[in-house]
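> Below are the sequence and a predicted model; questions follow.
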Amino acid sequence: MKSSIKNIFKNISSFMTFALIVATISVLFTFEQNNSFKKIDILNTHKAIALSLYELDKKDLELALIHFNGKSTELRHQIEKLHNLYEYDIIGNYILGNSKEYHTQIEKLTALTRTFNTQANQYYKSLEETQKESHESLKDSFKNLNNHISSMIFKNIEYDNKKFQLLQMLAIFTFVIVFIFTFWFQRRLRKIYKDITFLYSPKNSSANHELHTIEADAIFLRLNKRAVSKTDPTNIDPITGINNNKGLESSYSEKKDIKKDNFTAITILKVDNFSKTDRAFPQELTQNMLKKIAYTISLFEQVTDVISRSDYNQFTIILSRQTKEQAFKEIDAIRQSISELKFTGQANKEIQLTVSGAFIIKPNSVTLSNSIDDAKIILEYAKKHDKNKIYQKRDMINV
């Protein structure tokens, strides 16, 4: 089965987007891991400040109080730093779900620090007779604070282990995906390059190279098969230079395998202003009109499409598009373009042509001739109703 270059590059684009997302997540993990180290540093600093505050020399009371005020303020700053760091802990907040627990720990740390500061303040300002009792209270508050900080450090290490496990799984998953798709894309890109090399080679031959991509197959068809088909005069309408009914069937059989996944739309257009029985214009002017209509239709033709003059004032168009809406939109654009053509008749009278048509989507299980017959039924309905309009089966039901 042939690949589509468009789909391959869409897949490469998606893969690169995936790689960018994974890289972004990895960078976030790196920053968060760095923040985890900062948390431990802050907690250790908090413990060291508390210890230095606990061990202040009381001999010089004024100096001790100055140190006490500075270190008490610094303890509060350390807690603020912990609060700020956790705001950026995306994994902890949204993946591990430890936000509530961490904030509880911070609140307890704040309370214990506040108690420790109060006890230290009372101790350094206490009189000699109450100094022993104040020191015991300070000792207990320091012990509680120190134990809680140690608990937070161990908890942070536990969080880090969980984060590391997530990062490890992400790294393994990413490696497997990148490994598989790297070889997958390399293989397909080599096929694309081989097709391109074959197409621009002056001595290319379908006998020594099998095309691997739909687009290359279509280009090769345009360069070779289409040219061969048009050299057979029995396939060409002599007035317009496009396919006749025989050429329509021949071209369709050559192109039907291209873009198998697309929708095949069949449209029959009829010129509203004249018919085979009612020759409203001179033959030379009529032929000129038909040529311009055929040329206008050919401007919308893609390599997978087939156009033909199927009757005196009728044109059959087979489009292959990714969506039904896209196919109908192009057919309506053809109708609009034809309505904008200007012709000059006798006595320099301006003539405007319009076309009406029948539009259907051909099911894969239905033959081309049966689908054309279905379109002709809709065309008969179109002849009896508004001109300059493309009709579908649903229009017959609704009216």
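Looks like it came in fine. Numbering: from 1, shown residues only.

> residue ranges for the helices of the stretch 251-399 of the chain, please.
Here the stretch 251-399 of the chain has its helices, by DSSP state H, counting those that start in this stretch, at 283-298, 324-339, 368-383, 393-398.

> Now the second one: buried residues?
I take that to be helix 324-339. Across helix 324-339, burial judged by 16 or more other Cβ atoms under 10 Å covers 327-328, 330-331, 334-335, 338. All C-beta atoms are positioned from the backbone trio N, CA, C, and that covers glycine.

> Please name every helix or strand in contact with the helix or strand hosting T182.
Under the criterion of DSSP states H and E, T182 resides in helix 131-200. Applying 3 or more Cβ pairs under 8 Å, 6 or more residues apart in numbering; DSSP states H and E, one finds that helix 131-200 makes contact with helix 5-54, helix 99-125, helix 214-220.

> Let's see that with 6 Å instead.
Here helix 131-200 touches helix 5-54, helix 99-125, going by 3 or more Cβ pairs under 6 Å, 6 or more residues apart in numbering; DSSP states H and E.

> chain center to that helix: distance?
Here the centre of mass of C-alpha atoms in helix 131-200, compared against the chain's by Cα atoms, centre = their mean, to the nearest Å, lies 27 Å away.

> Just the C-alphas of stretch 270-289, formatted as CSV.
What follows is stretch 270-289, C-alpha atoms only, in CSV (Å, rounded to 0.1, in the frame of the first residue of the first chain):
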residue,chain,number,x,y,z
LYS,A,270,-25.4,21.2,-18.1
VAL,A,271,-25.4,24.6,-19.7
ASP,A,272,-28.7,26.3,-18.9
ASN,A,273,-28.8,28.7,-21.9
PHE,A,274,-28.8,26.2,-24.8
SER,A,275,-29.5,22.6,-25.7
LYS,A,276,-29.0,20.3,-28.7
THR,A,277,-32.5,20.8,-29.9
ASP,A,278,-32.7,24.5,-29.3
ARG,A,279,-29.6,26.0,-30.9
ALA,A,280,-29.9,29.6,-29.7
PHE,A,281,-26.4,30.7,-31.0
PRO,A,282,-24.4,30.3,-34.1
GLN,A,283,-22.2,27.2,-34.3
GLU,A,284,-18.9,29.1,-34.1
LEU,A,285,-20.1,31.0,-31.0
THR,A,286,-21.4,27.8,-29.4
GLN,A,287,-18.1,26.0,-29.9
ASN,A,288,-16.2,29.0,-28.4
MET,A,289,-18.5,28.9,-25.4
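
> quick one: contacts of it?
With Cβ atoms under 6 Å, 6 or more residues apart in numbering as the test, stretch 270-289 has contacts from 239, 312-314, 343, 353-356, 387.

> what do you get if the cut-off is 7 Å, keeping everything else the same?
The contact list for stretch 270-289 (Cβ atoms under 7 Å, 6 or more residues apart in numbering) reads 239, 293, 312-314, 343, 345, 353-357, 379, 387-388.

> got it, and stretch 299-317?
By Cβ under 7 Å, 6+ apart, stretch 299-317 touches 218, 221-222, 237, 240, 242-245, 247-248, 251-252, 255, 258-259, 267-271, 274-276, 290, 293-294, 297-298, 318-320, 330-331, 333-334, 372.
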